[in-house]
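**Student:** Just the structure for this:
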Amino acid sequence: MSIWTLEELNGLIEEWKQALKAVASGRSYSIGGQSVSHYSLSDIQQQLSYLEGERSKLLAEQSGKPRRSGPIAVRPIIGRG
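**Tutor:** Below is the predicted model:
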């Protein structure tokens with residue numbers, strides 16, 4: 001079960017997107033009312049990836065189709081004669 005609501009995740013994703021745009025253009029930005037300038041583009045991209053993953057899990061939970069984490073192992077069945 002997710003610790004986030006869809007509204008929270010959407011809001012955070014929007015804030016981090018604005019941060020990404022600001023850093024890409026050389027400006028400072030604010031997240032949660034605090035001015036931030038020390039995040040790198042890769043830090044912001046990692047945060048966005050995390051939030052998108054959490055959003056995908058939450059949407060899967062809400063649709064009744066929980067997402068499995070990790071790779072799925074497939075074992076072939078070979079019929080004999």
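**Student:** Could you list every helix and strand in contact with the biggest helix by length in the chain?
**Tutor:** As assigned by DSSP state H, the longest helix anywhere in the chain is helix 41-62. If you count contacts as 3 or more Cβ pairs under 8 Å, 6 or more residues apart in numbering; DSSP states H and E, helix 41-62 packs onto helix 6-24. For glycine as for every other residue, the C-beta is placed from the backbone atoms N, C-alpha and C.
**Student:** and the helix it packs on, what other elements does it pack with?
**Tutor:** Judged by 3+ Cβ pairs under 8 Å, 6+ apart, helix 6-24 is in contact with strand 29-31, helix 41-62.
**Student:** how near is the closest residue to residue 2 other than its chain neighbours to residue 8?
**Tutor:** Counting by Cβ to Cβ, 6 or more residues apart in numbering, residue 58 is the residue found nearest to residue 2 once chain neighbours are left out, at 4.3 Å. For residue 58, the distance to residue 8 (Cβ to Cβ, to the nearest Å) stands at 10 Å.
**Student:** Neighbour count: those two, which is higher?
**Tutor:** Remark: of residue 58 and residue 8, residue 58 carries more neighbours, 19 against 15, as counted by other Cβ atoms under 10 Å.
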